[in-house]
Every structure is written in structure tokens, then in C-alpha cells.
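1. Prediction below, plus the sequence it came from.
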Number of protein chains: 2
Amino acid sequence: MRRFLLLATAAAVTLGATPLAAQSVDRTQTARIIDEGTTHSEVMLTAQHLADTIGPRMTNSPAMRLAEAWTQAKFAEWDLRAVHKEAFDFGRGWSIVSSNVRMVSPRPVQLTAIPIAWTPGTNGTISAPVIVAPIKRARDFDTWRGKLSGKIVMVTLPDTGSEPSEAAFKRYSGEELAKLDQYQQPTYDPDAADRRMKRLDFAKKLDAFLKAEGAVAMATMAYRDGKLVSGEGYTFGVGDTPALPGVQIAAEDYRRLARLAKIGPAPTVEISSDVRFDDSDRNAYNIIAEIPGSDPKAGYVMAGAHLDSWVAGDGAADNGAGSAMVMEAARIIAKTGIRPKRTIRFALWAGEEQGLLGSLSYVESHLATRGSPSDPKLTGLALYQGWSNRWPITPKPGWGDLAAYFNLDNGSGKVRGIYVENNSAVVPIFREWLSPFASMGAKDVAIRKTGGTDHVFLQAVGVPGFQFIQDPLDYDSRVHHSGIDTFDHLKGNDMRQASIILASFLVNAANADKALPRPPLPTKPVTTDPFAYSDEEE
Amino acid sequence: MRRFLLLATAAAVTLGATPLAAQSVDRTQTARIIDEGTTHSEVMLTAQHLADTIGPRMTNSPAMRLAEAWTQAKFAEWDLRAVHKEAFDFGRGWSIVSSNVRMVSPRPVQLTAIPIAWTPGTNGTISAPVIVAPIKRARDFDTWRGKLSGKIVMVTLPDTGSEPSEAAFKRYSGEELAKLDQYQQPTYDPDAADRRMKRLDFAKKLDAFLKAEGAVAMATMAYRDGKLVSGEGYTFGVGDTPALPGVQIAAEDYRRLARLAKIGPAPTVEISSDVRFDDSDRNAYNIIAEIPGSDPKAGYVMAGAHLDSWVAGDGAADNGAGSAMVMEAARIIAKTGIRPKRTIRFALWAGEEQGLLGSLSYVESHLATRGSPSDPKLTGLALYQGWSNRWPITPKPGWGDLAAYFNLDNGSGKVRGIYVENNSAVVPIFREWLSPFASMGAKDVAIRKTGGTDHVFLQAVGVPGFQFIQDPLDYDSRVHHSGIDTFDHLKGNDMRQASIILASFLVNAANADKALPRPPLPTKPVTTDPFAYSDEEE
């Protein structure tokens, strides 16, 4: 039975409040930050090393281990302090060594495809006819039972394609920026966590079903046209390893296979994929470094970005860019010799792609816990399911020390402003802090709440967590998680600007007379639409 | 020494001529054509067979042989007459069986790459360090001599990428269509043929240089971003087979290799490509079919499209679409039982991608010859070099019989109108012929001259050759010659409309009381800018 509750806003906002006395920005410091962040910028060197030399950094993969070591060494080289890593339970790592997918009959075609993350390799070459068996729900199993043995099962219903009616690359217009500053009432969906759990559960059931039916591999269709593949599809679960190799095939190639299968005979496809599981250390690690504050009792401010990446490209825009900009802000502040009142802490998170696990671990270790999970055996990703919907929130002793958190995870676009995440008390403060950067294109303060990355769980325990507004570029349209998330799609001028503004915000937050106004501690919300029905099955 | 000549327009136009008495369109016939072309359309079945089942149809490849046989069978099945093929000298065929390109150090990355057309395979797997050696001109050879032994030579200067500021997919606005109807004075570049010859010559020299230096393979960078590859690069010459395997690497992958090579050590790349040369029959074939006219003395009208394709995709938009629409127009007219006065001939050309060789061969066999080539040994593609700049034009007995030629080779976009190719005397006639199709979006008659496909050589001997204005869709932006030139990027509604309009134009042209006005026979032009200098080296 579902519970219907009345609405109470999770993060109450004070609209139309009279501006606080504007906090002054030390423009001499700003000028030093700008000089260091332009004339001596290293942000593109950092990003290039992460993307090109290290490459995709799936959590607990060999490349992520290299990144953990290299970023700590860099922080130390820049004279950051308390450089260390903090472990959390994650599970095995996964990476691709090689893969090759071909149609061999009715004619030879080299297909664009990629192993689906966390699925096993083929242990040599497998060759089998395909079958188009769209399976979306458990009840579809009955339709296909007994028909899949020895087949490569194409489980996505092929569509007919879509045509891009907008340019792939864009910057925000003033009008679009203005739209971001429109208050949106918080909504509360008490079943969202359940649905995520069901998806995870269904992925496991599908794998088990296909294995039991004697299928030799699963194939899905990439969700973008234009031969872009991502390898997304299987929902990672700690301790779960799918039984069946899976490949995601480029939309054009998948549709061709599906058409040929329809007119028959079914094409034969050859898959050879070599992937590596890594169980040598099941801990994942957040990387932490600090610039110590002059006042040990003043607490700390923080910037973070996830260092882990998805696997298809090089994790350049997502989130080598954010990691490099956080590191660059650290380097800039350290190099300028600015001594902040509060400590400035820098975090490079792991496990973001599997559910913001690194930042969640930080919250649980340093800031606050939430009520027990419904199932005490749940760990890792499963622990995250429903985490924000557990009560009570129990702050830890360090909860009040963290005065502000700034997150970067929206690609390499320049900063156009900042989201206050419904925490409207900071609007006048952030307007003041942005004032030196209007000529660099950053001037908008937007009320909007954002989600999907590592500030979420800090906000969920009442810490003022923020994200910057960044120009979208081609992040969503083609780069995010695809094979072209590569260094050449990063914009150097944008990243230098964003690093400077992040450094400046951190210094301002660290030196402000008063800590940033905190939002109300979240309280148990009620559903916004108690009379709505929802489709149980997606 | 270059010759500077005075201007004489190649195809004089009569602007502002008073409209001819409008030729009447038999709207009862039009209605039957529309019914057959919608309710009973087969154009997408035809296109699907060409693109999916047969696949890319590089001239003289095994797939092109299948297409030659299948299209003749289809014409015969639809009761077309005089179905046959006409041979011309072409040379060996070339096709890809498989290819796999990987970076193996400093870390494993599956690269997106394709063999460069007409280059040999690797005969197994080759593994070698890359070297970035941008070579654009013969004088660059000196820079790299002695440095390339044992290397995979990356000959393209890597750029930093570009960002698409327009949508990939577009249809013409009314304003854009109006711009197409602006007269452009013919220009004459007497050195164009020389420059093409030089490029061909340079490609051969580069191959020989790399081979002599002991390089193991050549690599070029794809010219589009977004992991689209085409395999273009080596200029085909009859009888020339490059010595060195060549691969074109996706821009993102090429740039990553170049950056890593710059910081060193040079990455090692593994190439395994299996390509097939086919020397079993060095003739290429145009496919011809007819609907006989009722009046044997009235001559004939003609529609054509090239059946051969490029190799990276399936040759769907280029030019499976055009071929399927020409075939569909034939089917529609045959099915409606309309008996034209003039014979309607349909041609599916070969060798278009290597220089409009099939249509050139038709012109030389049936319509007119032009003065001897400077070198009597020149054949095939070389014969084409400078062909339009040889004098005199000597019409053959059949020259006057061909009353009009309509070409389709601009993708699957619907017809928005027709280019009169500077032959302004037909403007009022075509306006009348388009009049039933305004509600289908086709109504513009544009004066502009177009080039680049098979109507060019017919125009070059004074035959009225035309192309339709088609919506551009994503033909140029991403489909043309790329791996996504696949069936799913074709637009069925557009192709049905275009087939209908082509059928209608053919019937109108075949039944018109008077043959279409012919443009003046081209005469030797003079350069439009005798005082210009040009850079000898490109």
C-alpha cells in the first residue's frame, strides 16, 4: 500500500526577502586568482592527463587506481595539505581491453558496438544468429521463452530514428538564463526509489532469464543516432555480475540487423570482447586535499567533482573537466598564497556513476546519517536506494563545520552563474561574489534546484550545496557517456574561466564573516499529488 | 604557360523571356501516378533491398554485381523493355571484409577507423608506433625522409575540432528556396582539371614515398567530428593500386593519438584489415531499361541515378535513394499503363564516385565525343580529367534524340522544385509541370546550375539535363559517404513524393508537343578573371 502524505516543502525558501548587507569581495585577491588562472593555467594539462593518458576511469578499474594516485601526487606537488584517500565499500572494478563486433552474414559489416558495462567478456569469439526479442517487462519473458537458445538476443525494440532539429553545440542565451531563475515548487515522489530498485531487479531477472534460456549474448540499441555508443544498460549492483555478455550496438547498425532479421534469414553476428574484472581491492576511494584555514574553529568550505567516469569515451567532459577545474582551483589558491580563515577542502569522488556513492559515503562518514534501511543487509548502491527517504536525519559532530559545498559536473562549459538550489537567502551574497565576473560572462543567480550529481546528498542533510550554471555545449546532445567524451571536445577558455570563478567563490566562502545561510534541515515531505495514479510498470 | 581567354558563356541564358504558352499537364494521368506512387509504393522496399541486403556498392565490387543483376531483374519484373547493361572500362573492384584498429599502448582503446578505399589490406595484423607527419605537398617529403621506417604515418595535420552551430537535419525554408533562384554567371577555371590531376598524382607520390621510406601504413583523419568515418582519401586511378595499407581514423581518435604522440612515447597501434580486390571483370556496367514510346521518331527522355555507392555506409542516401526513386518512377509509369509518345529511358549509372564515369561513358557512346585527350593513353578516370575542356564537341547521330535528362542524387529529401541549370527557356514549362504538386511542397523553379553528379556530362554536350531541388535533410552534415549512410536515415514520405514527381515530369516530357528547349551547344569559354593569380600548390 502506498502512503499519501500532505505537502511540506523539503527546503523552504524565502522569496522576496530583503537583500542581506552585501558581503564585500576582496578584489585584490580576485585579481591574483585571475592572473594565476589565466597566465599560469594548468587546467588543460590536468584534464589532458586524466582523459588521454589515464583514460576512462570506471570506479575500481586499473585506470581509476592510476587516477587516484596521480591526483594525490598533484595535490601534494601543489602544496595542498592533508592529502589522503577515504575508502568506501564498492565492489569489483570493470574495464574494456578490446572488443570487435561484426555482422558476418548475409554480408560482412563491421558494426559499431561496445560491451555493456559490468557484463562479462565473450572468452574468445562467439558467432550466432540474432533474434529481435523486445523485452521490457517481466511479463515479456513468456513471449520469448523457448525461442532464444543459441541466439544473440536483441532486447531493445528498434525505433525508426530521430533527426536533430537543434544544433548539437549550444551556449545559453540571456533569455534561457532568465528562465533558469524561476522558482519551482519541490515535488516529492515517494515511489521513485522503489522504481529504481525495480529497474535494478529487472536487469538481474533479464540476465538470468536469457542465461536460463540458453541465449549466448544480449544486445541493446544505443539511444543516440549517429553511431554514438555508450555501453550503458546494465544497472550496476554491488556483488552482482551478469552471467551473459552484453553489447550495445550503434542505432544504425542495430536497426539494420533488425530489418534484415525481419525479412530473414536472421543475420549472424560475431562478438569478441575482452573485458577485465578487478577484485584486487573492492574499496573505492574519494581523494581529499586541503588548504588549511587560519582559524581552526571556523569550520571548512568544500569543492568537489567526481573523478570516476563512464567507460565509452575518456571521461573528459564527464567528469575529467570538473575534476580538473576543482584541482585547478586548489592549485590557484595554493599558488596565490591566500590564507583563508576557514579550511578549504577539495574532494574528488568515486562511484558517482553508480549512484553518487562516493559523496554519499562522505556524508555518512562526516556529516549525518539517516534512518536504517528497510533491509539491514543492503550495502553499496542498494544502500543508496531510498536513502534520502529515511528518517530521522542524525547530524554528526562535523555537520556544522561544513559551511558550503560547490560541485562541478556539467562538462567544460564556462560558468554563466550559479544555482542557489532554492536556498534563496544566499542570492544577494552570490550576486556580490559574481560581480567581478560579469565581463567573463558569469552574472546570473538562479533559484532552481538541480540534481543528478554529488551535491545531492549533501543537500539532503541540510548542507548548503551548490552547482554552477555552465554553458551546455554538446554535453547532453552527444558527448555525455559516449565514445566522443574526449579531450578535444573540452573548451580551454571555458575551463580556465570556470576554475577562476570556483577559486574565487571558495575564497569568498572561506573568508566570509558569517558562514553562508543554511537551508532548513530537510523534514519528511508529503506527496504533492495524493490523488494521482501512476503506472506501476514502466 | 597558362592561357587567358575572354569570356563567352557556356550556356547562354535568356533572362526575362516572355513565358511560352504553358504546356498543359494531363491531370488525369497525374492522379493515376499519385495513386500508384502512394497506395502501391514500392520505393522503400527497393531502397531497403539496395541498402540493407546488398549494401555498399563500390563499382565492380561483388555487391555492385549483385545490384546490377537485381535491378535488371526488377525492371524486367515491372515489364520494362530493352533491359540491358552497357559496359565501360573501369578496372578492379574493391570491398571491405573486416577491419579492426586499436591503440594498444599506452593503454588499450578500440579506435573507430575504416580502410581507405582502394588501399590494400594488412595481410594479418600489423602493430607499429605512430608518427604524426603532416604531409600535404611534395616538398613535405624532405621534412620526413628517413624518419618513417616501421611507422604508421599519420599524414593529416590534426586540428582542434569544430562545433556544429546548426542542426544536422534541415528542410528548406521559403527564403532559402528563393535564394536558389538567383542567376549566377558561369565561371570558367581552366586549371581545375590540372589541379585534379595533380591531386591524383600527389596521392600516388605520397604512397610511393611512404613505401620507399619503409612505413608500414598510412593513417588520415576523418574530416567530420563525432566518430563518423568515410574511408575517403586515396584518389582512385584506373590501374593504380596503392602499395601501402591506409586507414582513416575518426577525428576524436586521431587527435588523441596525435596528442599522446606529442607528449610521448608514441602510441602503438594495431591494424588488421581484410579487403578484397576483384579483377574478375574489369568492366563496369550501366543498367538501362525503357518504356517504349508510341512514336519511334520522337526520340526519348531519360531519368538517371548512380547505382554505385561509396563504401563506409550502405549507400542508402547516396545513392540508393536516387536509384530507388528512378526505379519507382519506372514502375509507376509502367503500372499505370500510360503510353508515352517518346520513349522513356531509365539509367542506373556505375562509376559515379570515381568521376561520373558511367554517365560519361553513355555520353561518349550515344551522344557526342569531345576532342582527343592530350595524352592518347589516358583511359577511365584519367580520360575524364579535362574532358569538358576539349574541343570540338562532335555530336553523334543519337544526340538530337535525347530530349531531356532528369538526375536524382541528392539524398532522400522530398522535391521542393527543380533547377533549370541556366536553361531559362524551360522555366514556364516547369512551372506548369510543378503546378499539381504545390500541395506536396514542390513549387519552386530555380535558375541555378548544379554540379557534381551525372547530369554534368550530358549538359556538357548540350543535352537539357536537370536536377530536382530536394530538402537537404542531414545529407551533407553527416550522412554523405559516412558510416551512417544507412536505410534508417531515408525518409519514406519524401521518397514517395519525389518518385511521383519524377514520374510525372517524365511523362510530361515524353508527351510534350515540342521537345524541351535545348540550351546552346557549349562553346569554348574564356576565363572570367584573366588577371587573377592562383596558388599553384593546394
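-> Yep, that arrived.
2. When you work out contacts or count neighbours from here on, use the C-alpha atoms and nothing else.
-> Noted.
3. Tell me, how many residues neighbour residue A:386?
-> Residues lying near residue A:386 (other Cα atoms under 10 Å in any protein chain shown) number 17.
4. which one is it nearest to, not counting chain neighbours?
-> Excluding its sequence neighbours, the residue lying closest to residue A:386 (Cα to Cα, 6 or more residues apart in numbering or on different chains) is residue A:193, at 4.9 Å.
5. Surely the one you found is in a helix?
-> Yes. Under DSSP: H, G, I helix; E, B strand; the rest coil, residue A:193 falls within a helix.
6. Go ahead and confirm it touches residue A:200.
-> No. Using Cα atoms under 8 Å, residue A:193 makes no contact with residue A:200, being 10.7 Å away.
7. sorry, back to before: count of neighbours near the residue nearest to residue A:386?
-> Residue A:193 - counted by other Cα under 10 Å - has 16 other residues nearby.
8. now residue A:127
-> 19.
9. Assign a three-state SS to residue A:329, would you?
-> helix.
10. OK, contacts around the residue lying closest to residue A:450 once chain neighbours are set aside?
-> Residue nearest to residue A:450 in three dimensions, not counting chain neighbours: residue A:421, with 6.4 Å by Cα to Cα, 6+ apart. Going by Cα atoms under 8 Å, 6 or more residues apart in numbering or on different chains, residue A:421 touches A:446-450, A:465-466.
11. Kindly provide the distance from residue A:421 to residue A:111.
-> To residue A:111, residue A:421 is 44 Å away according to Cα to Cα, to the nearest Å.
12. Can you tell me how far residue A:128 is from chain B?
-> The gap separating residue A:128 from chain B is 17 Å, by Cα to the nearest Cα, to the nearest Å.
13. tally of neighbours for that residue?
-> 20.
14. and the host helix or strand of it, C-alpha only, in PDB?
-> Residue A:128 belongs to strand A:125-132 when assigned by DSSP states H and E. The C-alpha coordinates for strand A:125-132 follow below in PDB (Å, rounded to 0.1, in the frame of the first residue of the first chain):
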ATOM      1  CA  THR A 125      34.700 -15.200 -30.400                       C
ATOM      2  CA  ILE A 126      31.100 -16.100 -30.300                       C
ATOM      3  CA  SER A 127      29.100 -16.300 -33.500                       C
ATOM      4  CA  ALA A 128      25.400 -16.700 -33.500                       C
ATOM      5  CA  PRO A 129      22.200 -15.700 -35.300                       C
ATOM      6  CA  VAL A 130      20.400 -12.700 -33.800                       C
ATOM      7  CA  ILE A 131      16.800 -12.600 -32.700                       C
ATOM      8  CA  VAL A 132      14.800  -9.400 -32.200                       C
END
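15. so what strands line up beside it?
-> strand A:152-154 (parallel), strand A:268-278 (antiparallel) (DSSP bridges).
16. tell me the phi and psi of the residue in chain A that chain B sits nearest to?
-> Proximity to chain B, evaluated over chain A using Cα to the nearest Cα, is greatest for residue A:167 at 3.9 Å. Main-chain torsions, residue A:167, degrees, to the nearest 10: phi -60, psi 140.
17. list the contacts for residue A:401?
-> Residue A:401 sits in contact with A:298-300, where contact means Cα under 8 Å, 6+ apart.
18. The stretch 51-200 of chain A: helices as residue ranges?
-> A:62-77, A:140-144, A:174-180, A:192-212 (DSSP state H, counting those that start in this stretch).
19. nope, the stretch 351-500 of chain A is what I meant
-> Under DSSP H, counting those that start in this stretch, the stretch 351-500 of chain A gives helices at A:357-362, A:380-384, A:427-434, A:456-459, A:492-511.
20. quick check: angle from the last one to helix A:427-434?
-> Computed with axes from the mean of the first three to the mean of the last three Cα atoms, to 10 degrees, the direction of helix A:492-511 lies at 130 degrees from that of helix A:427-434.
21. Helix A:492-511 near chain B anywhere?
-> No. Using Cα under 8 Å from any Cα of the partner chain, helix A:492-511 never reaches chain B; the gap is at least 11.0 Å.
22. average pLDDT across that helix?
-> The average pLDDT within helix A:492-511 is 98.
23. Pull the residues that contact stretch A:24-37.
-> A:328, A:332-333, A:335-336, A:338, A:432-433, A:436, A:496-497, A:499-500, A:503-504, A:508.
24. rerun that using 7 Å as the cut-off
-> A:332-333, A:336, A:433, A:496, A:500, A:504, A:508 (Cα atoms under 7 Å, 6 or more residues apart in numbering or on different chains).
25. And those residues, which of them are buried?
-> Those of these that meet the buried threshold are A:332-333, A:433, A:496, A:500, A:504, A:508, by 16 or more other Cα atoms under 10 Å in any protein chain shown.
26. just the residues you listed now: which is nearest residue B:117?
-> Checking the buried ones among the contacts of stretch A:24-37 against residue B:117 by Cα to Cα gives residue A:496 as the nearest, at 41.8 Å.
27. who are the neighbours in contact with that closest one?
-> Residue A:496 neighbours (Cα under 7 Å, 6+ apart): A:37-38, A:41, A:43.
28. Do you know the pLDDT at residue A:200?
-> 81.
29. Neighbours of it, how many?
-> Residue A:200: 16 neighbours (other Cα under 10 Å).
30. Could you report the separation of it from residue A:354?
-> Distance from residue A:200 to residue A:354, by Cα to Cα: 11 Å.
31. any chance of the strands paired with strand A:125-132 in TSV, plus mean neighbour count and distance to residue A:127?
-> Below are those laid out as TSV (neighbours: other Cα atoms under 10 Å in any protein chain shown; distance: least, Cα to Cα, whole Å):
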stretch	mean neighbour count	distance to residue A:127
strand A:152-154	26	9
strand A:268-278	20	4
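32. Right, I'll leave it there.
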